[in-house]
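**Q** Just a sequence and a predicted model for now, questions to come.
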Amino acid sequence: MDHLKGIKVIELEGLAPVPFCGQILADFGADVTVVKKKTKNVETKFCRNKKVNSLDYKSDLHQLTRLILDSDVLLDPFKPGVLEAIGLDPIQLLQLNPRLIVARITGYGQTGAMVQKGGHDINYVAMSGVLPLISGQNNPWPPANVLADFAGGGLTGAFGILAAVVKRHSTGTGGVVDVSMTEGVSYLGSMLFEYKGNEVMWKKEAGLFTGSCPIYRTYKTKDDKFMAVGALEPKFHQAVFKVLSVDPALVGAPEELTKQMETKFASKSRDEWVKVFKDLDACVTPVLDLEEVATSELHKSRNNFKNNESMAQPAPRIHSLEDLKKLNAKL
């Protein structure tokens, strides 16, 4: 894709959020160059569609500075203050190139009470206010590190950069995009905050999104795999009850309903249940693991993993009028 063609990005080597942000920009056509430290081996993860350069941040500082000043975007992966310490103060860079956009992705932001605190995904999600609501009523375990690092950091950072690029068209100037992964997760959880007092969703023992709701949870199957049930609306959970031969009246008795549904799902393998629900619109799907997702019918039909590659293709897909005509011709 070439939607960001002409946008030049310098990505300083760092941990997952910044490389993923750079990959998003590269996947959509930006010219992204990763500047690695000479003392380290070249890491190829998250380098799809990117160029790689190796420099010594100290002895090659002048060359690195020129690369940055000749670019549209600088991706900063460091803790607050590190960029300044190595001689790349954003204020000085912006004075030399007012159109430059410096995206700084950190756990807690460039200012504030925790500005110098270390952390990882679990800490940022915990500080966002969202963790208890997404991990189950009684078990506040963390999700995989995609939430803060990749969504709250990398994805939010990419959006912030593009917003700054659009603004630059009218103002002629760039600036600093201050990405706090913690704030990114809070923002992603906007719906949770809007409905935090909703009894049906959160407060009841079997609230819809507590992890304890029998019609919105996962169930272990006979082969120790899982099926996901998201049958919130009556037409969906009535369809599920019919397939499982469960009394619909039990919707008012969540504990008993859960026990019966657990027993039912444990009676067949996951793939057997997939066949049972294949032609039924009931919001019931298999839980796929990383090893099988690329070969699933859904992803194969969308060509989401080309040649069964481990990395998904860029999303979203942006279709031109001609693209739509071709797609409609295939339907």
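**A** On my side now, so go ahead.

**Q** can we go C-alpha only for contacts and neighbour counts from here?
**A** Will do.

**Q** For Val52, which residues are in contact?
**A** Thr33, Val34, Val35, Lys36 (Cα atoms under 8 Å, 6 or more residues apart in numbering).

**Q** Could you check the pLDDT of the second one?
**A** Here the pLDDT value assigned to Val34 is 96.

**Q** May I ask you to name the longest helix in this protein?
**A** When the chain is parsed with DSSP state H, its longest helix is helix 156-171.

**Q** following that helix, which helix or strand comes up?
**A** strand 175-180 (DSSP states H and E).

**Q** and that next one, what other elements does it pack with?
**A** In terms of contact count using 3 or more Cα pairs under 8 Å, 6 or more residues apart in numbering; DSSP states H and E, strand 175-180 is assigned the packing partners strand 101-106, helix 156-171.

**Q** Pick the most deeply packed of those.
**A** Mean neighbour count (mean count of other Cα atoms under 10 Å) peaks for strand 101-106 among the helices and strands packed on strand 175-180, with a mean of 26.

**Q** what angle do the helix or strand following it and strand 101-106 make?
**A** Downstream of strand 101-106, the next assigned helix or strand under DSSP H and E is helix 121-128. Here the directions of helix 121-128 and strand 101-106 differ by 90 degrees (axes from the mean of the first three to the mean of the last three Cα atoms, to 10 degrees).

**Q** Remind me what helix 121-128 packs against, helices and strands.
**A** Using 3+ Cα pairs under 8 Å, 6+ apart: helix 121-128 touches helix 181-188.

**Q** among the contacts of Val52, which are in strands?
**A** Thr33, Val34, Val35, Lys36 (DSSP state E).

**Q** Reformat those into TSV and put distance to Thr210 and neighbour count next to each item.
**A** Shown next, in TSV, are the ones in strands among the contacts of Val52 (distance: Cα to Cα, whole Å; neighbours: other Cα atoms under 10 Å):
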residue	distance to Thr210	neighbour count
Thr33	43	22
Val34	42	20
Val35	44	21
Lys36	43	20
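
**Q** Looking at the residues you listed, spot the one nearest Ala266.
**A** The shortest approach to Ala266 among the ones in strands among the contacts of Val52 belongs to Val34, at 48.7 Å (Cα to Cα).

**Q** Quick one: residues contacting Val229.
**A** Here Val229 is in contact with Ile215, Tyr216, Arg217, Thr218, Tyr219, Cys283, Val284, Thr285 (criterion: Cα under 8 Å, 6+ apart).

**Q** If anything else comes up later, I'll come back, but that's it for now.
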